[in-house]
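1. got a sequence here, can you build the structure:
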Amino acid sequence: MNRYIDEHKDDTFASVYGALVKMIQRNPDQAEQQIRGILRNLYINQGLDWTGRGAACNAGIEASIAAHECILLELRDRHQNGDEK
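-> Predicted coordinates for the structure are as follows:
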């Protein structure tokens with residue numbers, strides 16, 4: 001079961017990360033604000049697990065959060081380095 005969870009988490013991270021990169025390419029001026037809004041909702045969703053959604057679903061949410069945080073860090077680094085691409 002742990003192997004499945006790890007693969008699910010890796011696949012989800014890669015998929016979400018790729019989608020966020022495309023979002024930035026399509027609309028770089030508003031992407032950061034949109035990503036922050038989605039991340040805020042993911043945090044809320046993560047905290048609403050009072051009924052127990054299961055390890056696979058939790059892993060997917062954790063991977064989605066990680067992908068959003070990673071993209072935001074990359075955007076911050078680009079802004080700090082003056083690279084607006």
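
2. every contact and neighbour count from this point should use C-alpha atoms.
-> Noted.

3. list the helices and strands the top helix by length along the chain packs on?
-> Taking DSSP state H as the criterion, the chain has its longest helix at helix 55-81. Packing partners of helix 55-81 (3 or more C-alpha pairs under 8 Å, 6 or more residues apart in numbering; DSSP states H and E): helix 2-26, helix 28-47.

4. rerun that using 6 Å as the cut-off
-> Other elements packing on helix 55-81 under the criterion 3 or more C-alpha pairs under 6 Å, 6 or more residues apart in numbering; DSSP states H and E are helix 2-26.

5. buried residues, the longest helix of the chain. List them.
-> For helix 55-81, the buried set under the neighbour-count rule, 16 or more other C-alpha atoms under 10 Å, comprises 56, 58-69, 71-72, 75.

6. which members of those residues are the farthest-apart pair?
-> Ala56 and Leu75 (28.8 Å; C-alpha to C-alpha).

7. before we move on, back to that, tell me the one of the buried residues of helix 55-81 nearest Pro28?
-> Set against Pro28, the nearest of these by C-alpha to C-alpha is Leu75 (10.1 Å).

8. and the residue nearest to the closest one when sequence neighbours are not counted, how many neighbours?
-> Nearest residue to Leu75, sequence neighbours excluded (C-alpha to C-alpha, 6 or more residues apart in numbering): Glu32, at 7.7 Å. By the measure other C-alpha atoms under 10 Å, the count of residues near Glu32 is 19.

9. before we move on, what about the one 10 residues further on?
-> Counted with other C-alpha under 10 Å, the burial measure for Leu42 works out to 17 neighbours.

10. and the pLDDT at it?
-> Predicted confidence (pLDDT) at Leu42: the value is 96.
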